[in-house]
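Asker: 3D model of this:
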Amino acid sequence: MGAIQNRPLKSFEAGARNWQRINDVSGTSAEARNQASQLRYRDTRRGMDAGEVLFPFKLYQRPWVLWLEGEDFSKLWRTYRVRAGRVMETDATGTDADSDPVCNADPDALYYPLVAPEILVPTATAKFWFWLELGFDEEGSTTVVRYGPDPTAESYTPSEDGDTTAAWGPTDNPWTAAPVPNSTHIPIGWVDTSTDGSIMKAWVRQLLRADVVQVGGGGGGTCPTN
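Answerer: Numbers count the residues shown, from 1 in each chain. The predicted structure is shown next:
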């Protein structure tokens with residue numbers, strides 16, 4: 001069986017044909033199953049991209065029209081970016097604005113930088129956390145995006161072969177009270193690659209959806225757990 005050629009969908013009829021092709025290759029080989037998952041993902045993303053909404057600190061994926069030839073879908077489905085955002089007077093680092101400052105100008109705009117920091121979420125991970133770590137000194141505040149399966153950790157180092165996710169740490173300000181927010185740690189959300197990982201589908205629980213204009217003392221209780 002020849003390789004499936006993935007092309008942008010031009011109509012709903014094209015989408016229906018994709019599903020027929022999915023049925024044709026189901027259960028034949030690992031490669032075919034991977035190709036079928038790509039088609040499912042692209043059909044899903046087609047509907048999402050049509051009504052895509054961006055906002056500060058959104059956990060989002062690179063649109064399929066920006067995929068590069070030969071990229072591995074077994075990694076693409078669980079690769080995420082963090083949209084630009086601001087905490088008080090400071091633009092956060094570790095967002096898509098690191099490589100394209102236009103994102104800081106209007107995080108709500110339907111604009112995707114061609115290149116941006118991307119985080120590969122490990123497979124079979126129920127909660128891969130993203131959060132903001134704040135720092136304060138005489139010059140003002142700093143904000144950096146942190147991530148990892150254990151939000152109380154002092155560092156994170158990718159363990160998967162070929163993972164280009166940036167390692168971070170050690171930090172002298174770990175989120176030891178996680179998942180309780182406080183004056184120096186603000187949860188963004190988490191990605192779940194465990195629930196439907198068998199069909200290469202990730203779920204996102206987005207907690208933060210706006211710039212942070214005031215930082216409290218963390219007395220609001222724990223974050224939602226589901």
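Asker: got the buried residues for stretch 149-156?
Answerer: 151, 153, 156 (16 or more other Cβ atoms under 10 Å). C-betas here are computed from N, CA, C, even on glycine.
Asker: scratch that, stretch 55-73
Answerer: 55-62, 64, 73.
Asker: can you list the domains in the protein?
Answerer: 11-51, 52-206 (automatic domain parsing).
Asker: contact partners of the longest strand seen in the chain?
Answerer: Identified as the longest strand of the chain according to DSSP state E is strand 185-196. Here strand 185-196 makes contact (Cβ atoms under 8 Å, 6 or more residues apart in numbering) with 57, 59, 78, 80, 82, 87, 121-134, 145, 151, 173, 175, 177-179, 181, 202-208, 212, 215, 218, 223.
Asker: try 7 Å this time
Answerer: Residues outside strand 185-196 that contact it (Cβ atoms under 7 Å, 6 or more residues apart in numbering) are 57, 59, 78, 80, 82, 121-133, 175, 179, 181, 202-208, 212, 223.
Asker: now the phi/psi pair for residue 120, please.
Answerer: phi -90, psi 110 (degrees, to the nearest 10).
Asker: tell me, how many residues neighbour it?
Answerer: Counted with other Cβ atoms under 10 Å, residues neighbouring residue 120 total 18.
Asker: now for it: which residues touch it?
Answerer: 75, 78-79, 158, 160, 163, 165.
Asker: so for residue 140, what's the pLDDT?
Answerer: At residue 140, the pLDDT value in this model is 83.
Asker: give me the number of residues near it?
Answerer: 10.
Asker: same thing with residue 160?
Answerer: 12.
Asker: verify the stated contact: it with residue 122.
Answerer: Yes - using Cβ atoms under 7 Å, residue 160 is in contact with residue 122, at 6.4 Å.
Asker: how deep is the residue nearest to residue 57 when sequence neighbours are not counted tucked in, by neighbour count?
Answerer: Computed as Cβ to Cβ, 6 or more residues apart in numbering, the closest residue to residue 57 that is not its neighbour in sequence is residue 85, at 4.1 Å. Counted by other Cβ under 10 Å, the residues lying close to residue 85 total 28.
Asker: residues contacting residue 85?
Answerer: Counted by Cβ under 7 Å, 6+ apart, residue 85 has contacts 56-57, 92, 95, 107, 211.
Asker: separation between it and residue 162?
Answerer: Note on residue 85: its distance to residue 162, by Cβ to Cβ, to the nearest Å, is 29 Å.
Asker: which one in the buried residues of stretch 55-73 is the model shakiest on?
Answerer: Within the buried residues of stretch 55-73, pLDDT is lowest for residue 64, at 84.
Asker: and the gap between it and residue 131?
Answerer: 28 Å.
Asker: from residue 135, how far out is the spatially most central residue of the chain?
Answerer: In the chain, the centroid-proximal residue (Cα atoms, centre = their mean) is residue 80; its distance is 2.5 Å. As judged by Cβ to Cβ, residue 80 and residue 135 stand 24 Å apart.
Asker: check residue 64 too.
Answerer: 37 Å.
Asker: swap in residue 98?
Answerer: 17 Å.
Asker: so if I had to pick from the two, which one is more boxed in?
Answerer: Between residue 98 and residue 135, residue 98 has the larger neighbour count (other Cβ under 10 Å), namely 20 against 14.
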